[in-house]
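Engineer: using only what follows, build the 3D model:
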Amino acid sequence: MEVLQRTANRGSISTGYEIDNSCKFEIDNSECLTKTFGSSGNRKAWTWSSWVKRTELNSTTTYQLLFSAGTGNPPRDVFFFDDDTDDTLCFFSNGGLLSSATLGFRTNAVFRDTSAWYHIVLVLDTANSTAADRLKLYVNGVSQTFSTYNAPTQNADSLINSNTAHAIARDSSFEALGFNAQYFSGYMAETHFVDGSALAPTSFGEVDDDSGIWKPKAYTGSYGTNGFYLDYADAADLGDDESGNGNDWTEVNITAADQATDTPTNNFCTLNVIANIENNAVVFTEGATVGSVSGGGNVSDHAMATMGFSSGKWYYEAYVTTGSTNDDAMFGFANTNGWYQGLGNYTFSAGAHNVGRWYYNSNTFTTTGATAWDKGDIVQIAIDCDNGKCWSGVNGTYSSGDPSTNTGGFDWDANVTNMSIGDLVIPVTRVLYTAPGTTYYNFGGYTLIPISSAASDANGYGTFEYAPPTGFYAICGKNLAEYGGTA
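Structural biologist: Numbers count the residues shown, from 1 in each chain. The predicted model follows:
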């Protein structure tokens, strides 16, 4: 377990340093940040640090860009996930840091965990007499090894930190070359760039003594002339530089709605993009909170979430926006007996032909505690692992009883075969059975569901349209650490 924890921070520990916001980037919307520095900084030594949570793999782009500079090929310097084949981290240069089209490095490690935050630190130090130390990469404090490594010439200048076009979450050069630009899908938090210093990852993070998890800490050093710090705290200006240098970035197709509370210090549940259960038909977008099925006929898929729990009381919302019908879109949860069994031994909250129902025990259905809904309604799911019950509601009203007082609802502990109190359960959904269709989900960290009330749970976590019932909580790292086991 230690290897898993050090590889990816799931945001379930108390850090002593809190990160409140991140920025959600989406490939399909061409979302990115851009900047051209007024003059070149130190092109031989700099450090780029950011926390990153991926939300799409095998995307429509060849690469998922984190940081880049240049307007042509040559010259260009790009740092990216290779999303085409293997999800490694790579640095490529053509006429920038490296004189010809050359892969600076490709990691041995792959980065496919979409449930967790990675802390990524890229360091340039071309004055270093040791070739292997001129371009370095750390992930969660661990120095990465490479399947390919081509060292920059000693004292070479990078294109990054020059007075050319730069981009975060986009390849700054591809559009100028007449190609489709490469973007990034996921969240970024705590993005630092330090001009003139080749820093260790311990400037930005540290190992938690109790858990062994790599966690963030406040950066207290200087930034240099072109340095910047993006904390994404101002929803109206997500490119605002907080370093004191005034090196603000321009938002491209980014609005206040792209601010998220899913962060390395409180990681939120999303849909699991590597767990299309049935037909591998769902396309995940918007920070893995939107599931879509395209095409025609009876095409559907079951998707599960990235977090589970064995105790406590949990809440999330869902919303169907498009599709010719609501046939059999489902929102609910399952235990390990049902995760990969298609329509097996687990429960869903179902809206089939506008008839609310719970589905369980293969071909058994009940309307007990379930609410009928239609397109444009917000469906509420309340899961009580302590009493083995569940409720569904629509637009603020539960059809049976009140989860806050444990009245009504559906007793899954008593009625569902192979499903009992104490089981590890996880949110599971089915996107529309009759394609095409799109469904939005809200676990509290980010959503496109229309929000007017901005309600949170009793701990102040999550942003929902309707307040979670008393004693029920958003599915996030801090709540799971306090109330229930996490998967």
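Engineer: wait, S400 sits on K389?
Structural biologist: No - applying CB atoms under 8 Å as the test, S400 and K389 come out as separate, 10.2 Å apart. Placement of C-beta: from N, CA and C, glycine included.
Engineer: identify the contacts common to these two.
Structural biologist: Among the neighbours of S400, those also in contact with K389 (CB atoms under 8 Å, 6 or more residues apart in numbering) are 369, 409-410.
Engineer: and which of these is nearest to F111?
Structural biologist: F410 (39.4 Å; CB to CB).
Engineer: ok, back up a step: of the shared contacts of S400 and K389, which belong to strands?
Structural biologist: Among the shared contacts of S400 and K389, DSSP state E puts F410 in strands.
Engineer: of all the shared contacts of S400 and K389, the one with the weakest confidence?
Structural biologist: Among the shared contacts of S400 and K389, G369 carries the lowest pLDDT, at 80.
Engineer: check the separation of the first and last residues in stretch 231-242.
Structural biologist: End-to-end distance for stretch 231-242, by CA to CA, to the nearest Å: 7 Å.
Engineer: same drill for S400 and K389, tell me which one is more crowded.
Structural biologist: K389 (23 against 18; other CB atoms under 10 Å).
Engineer: what's opposite that one in the beta bridge?
Structural biologist: Per DSSP bridges, the residues bridged to K389 are D384, D411.
Engineer: that one against G409, yeah?
Structural biologist: Yes - K389 is within contact range of G409, at 4.5 Å (criterion: CB under 8 Å).
Engineer: give me the common contacts of these two.
Structural biologist: Contact criterion CB under 8 Å, 6+ apart; residues shared by K389 and G409: 369, 403.
Engineer: look up how far A101 lies from S172.
Structural biologist: Per CB to CB, to the nearest Å, S172 is found 16 Å from A101.
Engineer: between the two, which is the more surrounded one?
Structural biologist: S172 (28 against 12).
Engineer: A helix includes the more buried one, no?
Structural biologist: No - read with DSSP: H, G, I helix; E, B strand; the rest coil, S172 is coil and lies in no helix.
Engineer: do you know how far it is from G72?
Structural biologist: Distance, S172 to G72, by CB to CB: 10 Å.
Engineer: lowest-pLDDT helix or strand in this protein?
Structural biologist: helix 2-7 (a mean of 33; mean pLDDT, DSSP states H and E).
Engineer: mind listing the strands whatever helix or strand comes next after that one pairs with, and their directions?
Structural biologist: Later in the chain than helix 2-7, the nearest helix or strand by DSSP states H and E is strand 22-25. Note on strand 22-25: by DSSP bridges, its sheet partners are strand 186-195 (antiparallel), strand 259-260 (antiparallel).
Engineer: mean confidence for the helix or strand following the shortest one?
Structural biologist: Following the chain from strand 259-260 toward its C-terminal end, the next helix or strand by DSSP H and E is strand 271-276. Along strand 271-276, the predicted confidence averages to a pLDDT of 80.
Engineer: and stretch 41-59, by the same measure?
Structural biologist: 94.
Engineer: show me the strands in the stretch 201-350 of the chain, by range?
Structural biologist: With strands called from DSSP state E, counting those that start in this stretch, the stretch 201-350 of the chain shows them at 205-207, 214-216, 228-230, 250-252, 259-260, 271-276, 283-285, 290-293, 302-305, 313-323, 329-335, 347-352.
Engineer: a markdown table please, covering those and showing mean neighbour count and distance to M419.
Structural biologist: Formatted as a markdown table, those follow (neighbours: other CB atoms under 10 Å; distance: least, CB to CB, whole Å):
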| stretch | mean neighbour count | distance to M419 |
| --- | --- | --- |
| strand 205-207 | 19 | 38 |
| strand 214-216 | 23 | 35 |
| strand 228-230 | 23 | 44 |
| strand 250-252 | 16 | 46 |
| strand 259-260 | 22 | 32 |
| strand 271-276 | 20 | 19 |
| strand 283-285 | 21 | 26 |
| strand 290-293 | 24 | 24 |
| strand 302-305 | 23 | 15 |
| strand 313-323 | 23 | 15 |
| strand 329-335 | 26 | 5 |
| strand 347-352 | 26 | 7 |
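Engineer: could those be laid out in a markdown table, adding distance to A127?
Structural biologist: Shown next, in a markdown table, are these (distance: least, CB to CB, whole Å):
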| stretch | distance to A127 |
| --- | --- |
| strand 205-207 | 25 |
| strand 214-216 | 28 |
| strand 228-230 | 23 |
| strand 250-252 | 32 |
| strand 259-260 | 38 |
| strand 271-276 | 41 |
| strand 283-285 | 43 |
| strand 290-293 | 46 |
| strand 302-305 | 47 |
| strand 313-323 | 51 |
| strand 329-335 | 55 |
| strand 347-352 | 60 |
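Engineer: wait, which of the ones you listed is closest to N58?
Structural biologist: Nearest to N58 among the strands of the stretch 201-350 of the chain is strand 271-276 (8.7 Å), distances taken as CB to CB.
Engineer: so where is the stretch 101-250 of the chain shaky, pLDDT-wise?
Structural biologist: 174-180 (pLDDT under 70).
Engineer: what are the ranges of the strands in the stretch 1-150 of the chain?
Structural biologist: 22-25, 32-36, 45-54, 63-70, 76-82, 89-94, 102-107, 118-125, 135-139, 142-143, 146-149.
Engineer: out of those strands, deepest packed?
Structural biologist: Compared across the strands of the stretch 1-150 of the chain, strand 22-25 shows the largest average neighbour count, a mean of 29 (mean count of other CB atoms under 10 Å).
Engineer: if I pick the closest residue to K53 other than its chain neighbours, what's in contact with it?
Structural biologist: In space, and not counting its chain neighbours, K53 is closest to Y187: 4.3 Å by CB to CB, 6 or more residues apart in numbering. Listed by CB under 8 Å, 6+ apart, the contact set of Y187 reads 22-25, 52-53, 55, 117, 260, 262-263, 287, 446.
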